[in-house]
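S.K.: Build me a model:
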Amino acid sequence: PSAHVLLQSVITSLSVRALLLVVRLVLLEQKVVFVSSSVNLLTSTCEAFAQLLLFPLSWGHCYNPLLPSTDYLGLPPPFLFGRLRCTLRSGLTGSSGYDVDPLGLHEFDESVRDFSIFDLDSGDVNLAPDAASLPKLPEAAE
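M.R.: Got it, this is the predicted structure:
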């Protein structure tokens, strides 16, 4: 594994439950998107899950720690993407003070969206609608 990834920022930005959930989704080859306003946090988190936290396994599917556009969120294969929070706010903010629609997800109907979103700034998790049907972690990990 690569030694240049700082795990401290990753561990402090996600709860233990969210960390285990991401590992579960990645091991099951699901689509995962991280959102943050920090480029450093996005790249560290994506690198940690693509290489370090899966060791001796590694992520072999679509991977981009700084996704330039939401156009790629409709790709059919599994992916691990990082998306920088839009600096222009829509004026609609949630209870955390962050933009309600940081990815421009108004384009994606909830029934069509097939990827899970992990907000690294607020710790919010928005699972894909079909994630409930995936195999669970062992009870000891829950």
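S.K.: What are the buried residues along the longest helix seen in the chain?
M.R.: For the chain, the helix that runs over the most residues, judged by DSSP state H, is helix 16-27. Judged by neighbour count using 16 or more other CB atoms under 10 Å, the buried positions of helix 16-27 are 18-19, 21-22, 24-26. C-beta coordinates here come from the backbone N, C-alpha and C atoms, glycine included.
S.K.: Any chance of the backbone angles for the residue nearest to residue 62 when sequence neighbours are not counted?
M.R.: Sequence neighbours aside, residue 79 is the residue nearest to residue 62 in space, at 3.8 Å (criterion: CB to CB, 6 or more residues apart in numbering). For residue 79, the backbone dihedrals (degrees, to the nearest 10) come out as phi -150, psi 160.
S.K.: Then the one 5 residues further on?
M.R.: Backbone torsions for residue 84, taken as degrees, to the nearest 10, come to phi -70, psi 130.
S.K.: show me the residues around it that make contact.
M.R.: By CB atoms under 8 Å, 6 or more residues apart in numbering, residue 84 lies in contact with 35-37, 39, 42, 66-67.
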